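Peer 1: my questions concern the predicted model and sequence given below.
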Protein chains: 4
Amino acid sequence: MIVILRENPEKKQFDNLVAWIEAQGVIPHVTQGVHQTILGLVGDTAKIDIDLLQQMEIVEAVKRVQEPFKNANRKFHPLDTVIKVKDAVIGGGNMTVIAGPCSVESEEQIIEVAQKVKASGAKLLRGGAFKPRTSPYAFQGMREEGIKLLLEAKAVTGLPIVTEIMDLSQLDLFADVDVIQVGARNMQNFELLKQLGKSDKPILLKRGLANTYQELLMSAEYIMASGNENVILCERGIRTFETYTRNTLDISAIPALQTLSHLPVIIDPSHAAGIARFVTPLSLAAVAAGADGLIIEVHNNPSCAKCDGMQSLTPDGFDVLMKNIALIKDAQLACK
Amino acid sequence: MIVILRENPEKKQFDNLVAWIEAQGVIPHVTQGVHQTILGLVGDTAKIDIDLLQQMEIVEAVKRVQEPFKNANRKFHPLDTVIKVKDAVIGGGNMTVIAGPCSVESEEQIIEVAQKVKASGAKLLRGGAFKPRTSPYAFQGMREEGIKLLLEAKAVTGLPIVTEIMDLSQLDLFADVDVIQVGARNMQNFELLKQLGKSDKPILLKRGLANTYQELLMSAEYIMASGNENVILCERGIRTFETYTRNTLDISAIPALQTLSHLPVIIDPSHAAGIARFVTPLSLAAVAAGADGLIIEVHNNPSCAKCDGMQSLTPDGFDVLMKNIALIKDAQLACK
Amino acid sequence: MIVILRENPEKKQFDNLVAWIEAQGVIPHVTQGVHQTILGLVGDTAKIDIDLLQQMEIVEAVKRVQEPFKNANRKFHPLDTVIKVKDAVIGGGNMTVIAGPCSVESEEQIIEVAQKVKASGAKLLRGGAFKPRTSPYAFQGMREEGIKLLLEAKAVTGLPIVTEIMDLSQLDLFADVDVIQVGARNMQNFELLKQLGKSDKPILLKRGLANTYQELLMSAEYIMASGNENVILCERGIRTFETYTRNTLDISAIPALQTLSHLPVIIDPSHAAGIARFVTPLSLAAVAAGADGLIIEVHNNPSCAKCDGMQSLTPDGFDVLMKNIALIKDAQLACK
Amino acid sequence: MIVILRENPEKKQFDNLVAWIEAQGVIPHVTQGVHQTILGLVGDTAKIDIDLLQQMEIVEAVKRVQEPFKNANRKFHPLDTVIKVKDAVIGGGNMTVIAGPCSVESEEQIIEVAQKVKASGAKLLRGGAFKPRTSPYAFQGMREEGIKLLLEAKAVTGLPIVTEIMDLSQLDLFADVDVIQVGARNMQNFELLKQLGKSDKPILLKRGLANTYQELLMSAEYIMASGNENVILCERGIRTFETYTRNTLDISAIPALQTLSHLPVIIDPSHAAGIARFVTPLSLAAVAAGADGLIIEVHNNPSCAKCDGMQSLTPDGFDVLMKNIALIKDAQLACK
């Protein structure tokens, strides 16, 4: 961490600053410029509250050298985190596909889709029970009943299930859910993150619509600092000026997050594109770029889906996609 | 609402679509172009789920003509909503100032600041007890104890208090809080919004960092549709590519939200700027543009504040600002 | 095109509007709602100036149904445009790689790089002679001398050359250049685009940092409307809030632009990433997503490059990449 | 400037780096951390090419402490630049209003508008002759003829004129133009900026739609480094996710640019809002925030304007606005 002082700092303020820094267990090295004095802080700066430094009158700017996240940081955990969910394995060079409908709508629907995506090679079943919708007048999900139907589909197919939590008050309903999803809009719901950190279930953490890699990793850090190391990072498209696609898939998030962190990185091409026929090229791109997994919306009757039908594949379309994914994954493994 | 069909729609799909639209209690008027067929939907389209339409195979695009919010819409409620909080009045052409520290830090601090901002003319006291922080290692607020200290400051000064809720589980602690704040990161925490809609307390709803006016008003709609009409909209700066300021104050939000909605619109220049010396020009700009109020951070010792000291005014600086606000408000009232 | 009128339009204004629309050779169909009157315009609306409509007092909003571009629109030109540059072919399902240094720096450098990228399979040579730099104090390129060295490298290797024009006054120097590049910052330099439309050389048009697909295609339309149909679209990363990468590669631009337009779409992973070790995953992703080509920075000594060395591959790294590209391209061709 | 090295740098690379830095006339001070070595560069770092440093293998990151602009920097020129254009004065605490139509359309139009805005108190006349339009099919301005009409209006009213240049080839036509405007899309047209730096006319430089303060000031630096110190900075709204207004006025640009630079800062509320009835609140906000001037679109018949009529005031509306501006300016001067 580097602290840049204002020109001509007062001696007393300077001494106070040095004392404060030393009290944090860190050593300040001074570089005296013509116009500027700079302190280089040496030691474990991860837990220094950068805001406290920045607001001091004597301080012009503070710049981090090390990332502010520790548990999620590859520098301190060089090996890939590999998360096992029953028979599924996420991370470590595998390509694991999660599939299912945007929303659970009925017993027939979720069981039919579950059976079909399993037959095509999906390793986990997704399905929304609690649905975050921009409008209070839009379908809000089957809620508790939706969770029950997911558990039925799990019983029938043996697929572990992934579903989204929207509020801590729903946590008890997630006892038999295998992976708890935190949606993009909740990425910085810090109370929720802290509580999920006390769970031992894997958490699928989606990147917020306008959040940076560092903010995503700081949210992972909230979960990990509370004791749960099983975090799966998910890029699902960010908001940009382009509105032709629903969001803009940030494909660079794959190598970038894998460089910064040891956590698995999966891609949600369905929400990124918002258009079913773009799901295939985006999925193949993600595989080629080295993603650890994909989470894909599949519906048995997309044009009647209660939500996000526009971006859902049919089971047949998904089956073709899975074969293509395998072709690209083989090529990607042969690379270098 | 306008529905644009794909070229050469199938007769059967077309008839199904017309039947579906009529079942929503809305009448479709058909315009037949050379390349395109267009349906103009006439009637109450506010509760039609636009997603359901968009995903139909026959539909190319759907465009809203009317806004998707009703309770918050000025078209249906032409008069300004005026919210009374004890002696304070928010909305209807008044200029109401809320002030106080970012975080409650101690009894002395909050009481001293409360007394000083009251003396300068603030009508409500703000102070954070639960603090949403990007890093789990940063100060998280005094939490329950912070609420108690705010209530003490209220008892001493008579100022009604505004403080932020971060999770539904905290709601019981807010029984004596006068205005409940929903932070920018929780603007789309829909479960929280629904529950606050069952309260009768005014809700200060902050715009999210990357959200549109319409999304903000849809979040207000969540609260209002659940029964609570006392919503105060707050623009606190949005995220843009400019990082010199902490956020970018969207000053146009004042006339825009006042055009779209009857709800009061207040401005938070402190979070928008992130730099104390910009709080004054931004506050004056907001007054000149016709804002209904301001929420300003004031700290008795900014350079030792536990959070956001960089953007806090001293009580003396705030006192000068209040005098300037009065000058600009008088001029603004004389305009036209 | 759909025109939505304000409530209770005046009869005289309405008649004027209808007359104006008919004078454009287009027929207005009226849909009368309870709150709203809507005109659906039927006919060739591509050349109607939407601004002129929007500003009329009687008009609340105008919404396009058809895209405002015609020459670049796949609807009117269903077949892929395939551009031949000597032996290189761009478009139509090929994967064509353009490579070379960011800047031309010396005879030895450009000839060495040209020979090596040709040996690895590049079909065109890139190299900057005129360099757009944010700072007036940064290296501005070898300019006229740089063009000469590129032509030498072309003579030695037979590779056609691609280089950027920054101003119309430089056009004479481009007589023997094979493909003229318009940089991201000049995407809306309309005078330049019009003039290049009078040339018969292929134009490599880069998307601006904050521009939409439609804006990019309207800039292509400027060139095409002036008579030059040989436009190559290039996605090179857009500006987002993420600063870890130099820009954010919008991988969805590949299927999206190929859907909207018949023009070839190539990807510049070097400027998108800004980091050499991300160039490979981004290139492979682009190939898997169906890009028509790549433009990649290669430097014989990246750590001494006069510009953008951080994002340049070595010739050896490029050679490995080309082999990997071939593997993924084969797999992509086997898909579906 | 601070240079952060990779862990365990090689001795030889380190020595080379130190030698390179010293060759730039700057002294490197070394801070040796446990994980990190940091060099603080002391001396005139403004002209060091940061890219050259960043790409060196031994370097992890480079962070600027001083701004990269010099001529435009208030640190080196503490006093406000005041630009005189005939009788008009821009900068130094004045509030100077530039007004006129978006486009020059006819002799009658421009002369009538010029006379009216002069009567209301405008000090300069604006009017577009060359118009940058997204679509090649939209009105492109009267071009050379438009300049002639502006000069006529100048002859009749005595108002100095401001008009936009789009390409260097047009420069001869600007011989009698008083202030040359560089539009937002040309903010980084560096060849144009360099050439305008050789002129002695004031340059009104508009901020690009997605550019930062620093980028705007670097573009000013291009002009100033070529010898022309008469640069007027103009904030005209930036692109954000909000599309209800045409652009988003960044009101903080006023105090921010005035802090960073000594150049005058003016505001264009017309392009920022895109909606005539928001021009007044945005103008008053700009005055209250301390802007040095405003540039406002006024048209004698907005609903028939050939471009941007939606955002134009009528002469009567402008007259009211000027009176309101005076009221707010008086109050702003009374502040503090």
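Peer 2: Sure, I can see it.

Peer 1: residue ranges in chain A under the pLDDT threshold?
Peer 2: Applying pLDDT under 70 to chain A flags residues A:33-35.

Peer 1: one more pass at 80, please.
Peer 2: A:31-36, A:46-47, A:65, A:303-304, A:307-309, A:336 (pLDDT under 80).

Peer 1: hmm, the lengthiest helix in it touching chain C?
Peer 2: Longest helix in chain A by number of residues (criterion: DSSP state H): helix A:315-334. Yes - Helix A:315-334 reaches chain C (CB under 8 Å from any CB of the partner chain) through A:320, A:323-324, A:327-328, A:330-332, A:334. (Glycine included, C-beta is placed from N, CA and C.)

Peer 1: and that helix, what does it pack onto?
Peer 2: In terms of contacts (3 or more CB pairs under 8 Å, 6 or more residues apart in numbering or on different chains; DSSP states H and E), helix A:315-334 is packed against strand A:96-100, helix A:107-120, helix A:276-288, strand A:293-297, helix C:315-334.

Peer 1: now do the buried residues in the longest one.
Peer 2: Spelled out, that is helix C:315-334. Buried residues in helix C:315-334, defined by neighbour count with 16 or more other CB atoms under 10 Å in any protein chain shown: C:315, C:317-319, C:321-322, C:324-325, C:327-329, C:331-332.

Peer 1: near chain B at all, stretch A:213-231?
Peer 2: Yes - contact between stretch A:213-231 and chain B, assessed by CB under 8 Å from any CB, occurs at A:215, A:218, A:221-222, A:225-226.

Peer 1: then stretch A:130-140?
Peer 2: Yes - contact of stretch A:130-140 with chain B (CB under 8 Å from any CB) involves A:130, A:132-140.

Peer 1: that older thread, what's the closest of the helices and strands packed on helix A:315-334 to D:Ser283?
Peer 2: helix A:276-288 (43.5 Å; CB to CB).

Peer 1: buried residues of the closest one, list them for me.
Peer 2: Residues A:276, A:278-288 are the ones in helix A:276-288 that count as buried (16+ other CB under 10 Å).

Peer 1: tell me what it is packed against?
Peer 2: strand A:265-267, helix A:269-273, strand A:293-297, helix A:315-334, helix C:253-260, helix C:276-288.

Peer 1: recalculate using a threshold of 7 Å.
Peer 2: When contacts are defined as 3 or more CB pairs under 7 Å, 6 or more residues apart in numbering or on different chains; DSSP states H and E, helix A:276-288 packs onto helix A:269-273, strand A:293-297, helix A:315-334, helix C:253-260, helix C:276-288.

Peer 1: so which of these gets nearest B:Pro9?
Peer 2: Of all the helices and strands packed on helix A:276-288, it is helix C:253-260 that lies closest to B:Pro9, at 19.6 Å by CB to CB.

Peer 1: CSV for the helices and strands packed on helix A:315-334, including distance to C:Ala46?
Peer 2: Listed next are the helices and strands packed on helix A:315-334 as CSV, based on distance: least, CB to CB, whole Å:
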stretch, distance to C:Ala46
strand A:96-100, 41
helix A:107-120, 42
helix A:276-288, 25
strand A:293-297, 35
helix C:315-334, 34
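
Peer 1: out of everything not next to it in sequence, what's closest to A:Gly141?
Peer 2: Of all residues not flanking A:Gly141 in the chain, A:Lys131 sits nearest, at 3.6 Å (CB to CB, 6 or more residues apart in numbering or on different chains).

Peer 1: kindly report the same for A:Ile2.
Peer 2: Nearest to A:Ile2 is A:Lys63, by CB to CB, 6+ apart, at 4.7 Å.

Peer 1: what is the burial count for the one you found?
Peer 2: A:Lys63 has 16 neighbouring residues, counting by other CB atoms under 10 Å in any protein chain shown.

Peer 1: do A:Phe139 as well
Peer 2: The number of residues packed near A:Phe139 is 17, by other CB under 10 Å.

Peer 1: list the contacts of the nearest residue to it once chain neighbours are set aside.
Peer 2: Once flanking residues are discounted, A:Phe139 sits nearest to A:Lys306: 4.7 Å by CB to CB, 6+ apart. A:Lys306 makes contact with A:103, A:105, A:139 under the criterion CB atoms under 7 Å, 6 or more residues apart in numbering or on different chains.

Peer 1: how close does A:Lys306 get to chain D?
Peer 2: Counting by CB to the nearest CB, to the nearest Å, the separation of A:Lys306 from chain D is 27 Å.

Peer 1: and if you look at A:Val30?
Peer 2: Applying CB to the nearest CB, the value for A:Val30 to chain D is 8 Å.

Peer 1: the host helix or strand of that residue: which residues count as buried?
Peer 2: Secondary structure assignment for A:Val30, by DSSP states H and E: strand A:27-32. Judged by neighbour count (16+ other CB under 10 Å), strand A:27-32 contains these buried residues: A:27-29, A:31.

Peer 1: can I get those in JSON lines including distance to chain B?
Peer 2: Listed next are the buried residues of strand A:27-32 as JSON lines, based on distance: CB to the nearest CB, whole Å:
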{"residue": "A:Ile27", "distance to chain B": "20"}
{"residue": "A:Pro28", "distance to chain B": "18"}
{"residue": "A:His29", "distance to chain B": "23"}
{"residue": "A:Thr31", "distance to chain B": "23"}
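
Peer 1: in TSV: those, plus distance to D:Ala23.
Peer 2: Output for the buried residues of strand A:27-32, formatted as TSV (distance: CB to CB, whole Å):
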residue	distance to D:Ala23
A:Ile27	31
A:Pro28	30
A:His29	25
A:Thr31	20
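
Peer 1: count the residues that sit near the residue nearest to A:Gly43 when sequence neighbours are not counted.
Peer 2: Closest residue to A:Gly43 apart from its sequence neighbours, by CB to CB, 6+ apart: A:Val26 at 3.8 Å. Residues lying near A:Val26 (other CB under 10 Å) number 18.

Peer 1: quick check: residues of the stretch 151-300 of chain A near chain D?
Peer 2: Residues of the stretch 151-300 of chain A lying near chain D by CB under 7 Å from any CB of the partner chain: A:239, A:241.

Peer 1: can you pull the residues of the stretch 151-300 of chain A lying near chain B?
Peer 2: For the stretch 151-300 of chain A, the contact set with chain B under CB under 7 Å from any CB comprises A:166-169, A:185-186, A:188-191, A:209-210, A:215, A:218, A:221-222, A:225, A:239.

Peer 1: 6 Å instead, please
Peer 2: Counting by CB under 6 Å from any CB of the partner chain, the stretch 151-300 of chain A comes close to chain B at A:166-169, A:185, A:188, A:190-191, A:209-210, A:218, A:221-222, A:225, A:239.

Peer 1: and those residues, which are buried?
Peer 2: Buried among those by 16+ other CB under 10 Å: A:166-168, A:185, A:188, A:190-191, A:209-210, A:218, A:221-222, A:225, A:239.

Peer 1: may I ask which two of these are separated the most?
Peer 2: Across these, the longest distance by CB to CB is 27.8 Å; it joins A:Ala225 and A:Arg239.
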